[in-house]
Every structure is written in C-alpha cells, then in structure tokens.
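Peer 1: just need the structure, nothing else, for what follows:
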Amino acid sequence: MTTGTWPDDKTVKTATFPAVSARYVRLTAWTEAGNRGDWTSVAEVNILGVAPSAGAGGAWEPPIGLPIVPVSAILLPDGRLLTFAAYDAMTFDKKGTVTKVCVVDVTTNTAGQSASVETGHEMFCTGLAILADGRILVNGGGSDRATTVYDPGTDTWTRGPLMEIARGRRTGSCSPQARPPGGGPGWSASPLNRSSRPTLRGPTGRQPRLAVRYFGIPRTYHSVALLLADGRVFSGGGGLCGTCTVNHADGRIFTPPYLLEPDGSPRPRPVLTAAPSTATPGSTITPAVTTDVGSPTFALVRTSAVTHGVNNDQRRIPLMPRAADGTTYALDIPADRGVVLPGAYLLFALDARGTPSVGSWITIA
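Peer 2: Residues are numbered from 1 along each chain as shown. From the prediction side, this is the model:
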C-alpha cells in the first residue's frame, strides 16, 4: 500500500509501492479538494514495472502536495525548506512584482499555505546565495535589476538596492570575503525537458553511478533537489508553465541506499554526541568533536540554496580527524577562504561503511 497527496488538476499523478502479486489495484480517495461532492474521477490507470529493492536503490516517501511549483528551494537553519515559484503558483511572466512562497516541513512531510512576498521583485530565474550571516540574497531574474534579502531568523523579506546591470537567469556565490555575489551568465531551457532517473556518484564524481530507484514523477525543467540535514534528499517541482500538463506542484523525499541495509531497513548511524556551533578557517574545531563510533571520517557540507539546477555555493569539504581521546577527535578546518566560504554548514561523521550521522549545524565565520 502507498499513500500521497496531489494537486487538484489534470496532470498525471504517480505513486510507487512495493511489488506484490495481485489481481487488481484499489484506489481510495480520502479527501476531495474541488468541492465537487463525495467523488473523484480518474481517466486512466497505468501500472509500471518493478522497481529495484530499497536496499539497493533507496526508497521514496509518499508525495507531498504543495500549493506552488517549487522552482527554488533553500534549507533553513531549523531544517525546513523555503520554496518559491514566481508571481503565480503555476506560471511566470517575468514582469511580476510579487512572489509566491511556501514552507515545507520535511519531518512531517507537510507544506504550509502559499504566501505572497511583495518587494517589487518577481523572484524567478534569479541568482541565490547564502550570506555569511545566514541571510539569503536573491537578485536578478524576472525583474532583472531587483534584489531581495530574506532573514530566516526574523522571517522577513527586505527590498535591497538595484543592481547596476540587469541580470536574468543568473548565477551568484558568496565570496571568501563574505561579500554579496557578483553577476554570472544566463541560460534558458524548456519546461518540457524532463528527467525521472536520478543517479548517485561518489564524492569525487569519478566513481561509477549507483543504481537509484525510479521515482515515478518526471522532474522537468524548473525542478529542484537538495540535501537535507538528516542525509536524505528532497526532490520537487518542474513545469511552472501555466495550463501545461507538466506542472508538478509536489515534492518527495528520497532515502539513499547509504542509509539502508540490504533488506531496506534503516542502517545504524553514527551520532555526533558533541560538536561546536562555530569555527573559523585555519582553526582546529574546539571543543573537540565526539562520536559514538571509533575511527570515523568527517565532512563539512555547505547548506543549499538551489534554483534551475544550480546550487552556487554547494561544496563538500573532507576533514581529516586527529584522535584526541577515545571517540573524541580534533578537526582542522582548511585555511583557504576560497574553499571554506563563510556561512552555514552541516558537519557529518561517517562510519566505516560510509553511513553519515545526522548533520550538526556549524557556522564558519
């Protein structure tokens, strides 16, 4: 059996479930969003092939229905996701002055209601960067020269200064000096371009691809994917093309095979029993990091702000531990500020099998 929620529209809906021998499939609608009565119509039902086992290919959780197509997503310090579309929840016009946003709780797999952010800036096809103090810089895009800053600490949006040069479909990155990003090149693509086959690679990108379970919902252009603090991955969105058939106002959370045993049950995970909340480049993390396993490895992963397939500041920085006492370790932060950009990171401990702990938030000042 599987469950999920879907938007009330005519697009294709997909659900995955464990393979079983059966003579029929039963669909049960628990709610009906269109206020049309106690019925829901289904035009066609297709049953696809058998997916790889969860232990080999990972596992997808039921779809999370969203009130918008999540074209951009940001991992907030409390572990929730801030997502936004354009001036409208399902389409864009590049001339709007508001943006539809929605917060997703990935612990309960629920999405809040959509809200309109009015800063005179349609935050679509923008550059995204997480600043050193944790605020989010959003600039360019549909409104070209506009800039907006989001402060997750106060949950406020502020209009920023106009850029000197209009920039749409741009990139940006926090600099080693913690300065806001400069401009980058642009590109365009069709929302009809699609992908339904995720892949996993090793940390260098040179290792063979790992077989990953098919997730069933095509992630067309205008979709997002980002790492969560607990090591799972959120994938969502695609479309944002008005009345087209590829709008995907939903998301799903993927549990990678590195978190699962061969039979699909959760792997035991290392635990960071003590870790500091701040550090500086070129320093040794103090107090020392303590885990519940011996001989772990460690990695810093910068938190994510992603749109249009671009996660400008994302990076994984391996840290070589020095044993201090038993399961307590000293970790040296690289001194190069071009490698260790200032801002928020997740510190992971990994056991001998490569199973990560839940990430511990740490700010590199």
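Peer 1: check contacts around T107.
Peer 2: G79 (C-beta atoms under 8 Å, 6 or more residues apart in numbering). Every residue, glycine included, has its C-beta placed from N, CA and C.
Peer 1: tell me how far Y87 lies from K95.
Peer 2: 8 Å (C-beta to C-beta, to the nearest Å).
Peer 1: quickly list what's touching both of those two.
Peer 2: E122, G142.
Peer 1: which one's more surrounded, the two?
Peer 2: Y87 (21 against 10; other C-beta atoms under 10 Å).
Peer 1: which residue sits closest to the more buried one, ignoring its sequence neighbours?
Peer 2: Spatially, and ignoring its direct neighbours in sequence, Y87 is nearest to G96 (2.6 Å; C-beta to C-beta, 6 or more residues apart in numbering).
Peer 1: can you check G160 too?
Peer 2: That would be T147: by C-beta to C-beta, 6+ apart, it lies 3.4 Å from G160.
Peer 1: hmm, the one you found is touching M163, no?
Peer 2: Yes. Counting by C-beta atoms under 8 Å, T147 does reach M163; the two are 6.4 Å apart.
Peer 1: now do the shared contacts for these two.
Peer 2: If you check T147 and M163 against C-beta under 8 Å, 6+ apart, the residues they both contact are N139, G140.
Peer 1: which of these two has more neighbours?
Peer 2: A count of neighbours by other C-beta under 10 Å puts T147 above the other of T147 and M163, at 21 against 18.
Peer 1: for that one, what are its contacts?
Peer 2: H121, L137, V138, N139, G140, R159, G160, P161, L162, M163.
Peer 1: ok, the second one to G343 distance?
Peer 2: With distances defined as C-beta to C-beta, the gap from L137 to G343 amounts to 11 Å.
Peer 1: tell me the secondary structure at G55.
Peer 2: Secondary structure assignment for G55 (DSSP: H, G, I helix; E, B strand; the rest coil): helix.
Peer 1: any idea of the pLDDT on it?
Peer 2: Note on G55: pLDDT of 80.
Peer 1: wait, it touches E261, no?
Peer 2: Yes. In this structure, G55 is within contact of E261 by C-beta under 8 Å, at 5.8 Å.
Peer 1: overlap in contacts, the two.
Peer 2: Counting by C-beta under 8 Å, 6+ apart, nothing touches both G55 and E261.
Peer 1: and the strand or helix carrying V224, how far from the chain's centre?
Peer 2: Assigned by DSSP states H and E, V224 belongs to strand 223-227. Counting by C-alpha atoms, centre = their mean, to the nearest Å, strand 223-227 is centred 4 Å from the centre of its parent chain.
Peer 1: export it as CSV, just CAs?
Peer 2: Backbone C-alpha positions of strand 223-227 (Å, rounded to 0.1, in the frame of the first residue of the first chain) are rendered in CSV as follows:
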residue,chain,number,x,y,z
SER,A,223,12.6,21.4,-10.6
VAL,A,224,14.9,21.3,-7.5
ALA,A,225,16.8,18.8,-5.5
LEU,A,226,18.8,19.4,-2.3
LEU,A,227,20.4,17.6,0.6
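Peer 1: so, low pLDDT: which residues of the protein?
Peer 2: Scanning the chain for pLDDT under 70 picks out 10-11, 48-51, 143, 168-216, 287.
Peer 1: just want the most central residue of it.
Peer 2: For the chain, the residue sitting closest to the mean C-alpha position, by C-alpha atoms, centre = their mean, is L226 at 2.5 Å.
Peer 1: now do the contacts for the nearest residue to it once chain neighbours are set aside.
Peer 2: Distances taken as C-beta to C-beta, 6+ apart place S304 nearest to L226, at 3.9 Å, with adjacent residues excluded. Each residue near S304 by C-beta under 8 Å, 6+ apart is listed here: A73, I74, L75, L226, L227, N311, Q314.
Peer 1: among those residues, which are in strands?
Peer 2: Members of the contacts of S304 lying in strands (criterion: DSSP state E): A73, I74, L75, L226, L227.
Peer 1: next one: the third one from A305, what distance?
Peer 2: When C-beta to C-beta is the yardstick, L75 and A305 sit 8 Å from each other.
Peer 1: now the strands for the stretch 101-250 of the chain?
Peer 2: Counting by DSSP state E, counting those that start in this stretch, the stretch 101-250 of the chain has strands at residues 110-111, 115-118, 127-130, 136-139, 147-151, 156-159, 223-227, 233-237, 250-255.
Peer 1: pairing partners for the longest one, with directions?
Peer 2: What that stands for is strand 250-255. Looking at strand 250-255 with DSSP bridges, its partner strands are strand 59-60 (antiparallel), strand 64-65 (antiparallel), strand 233-237 (antiparallel).
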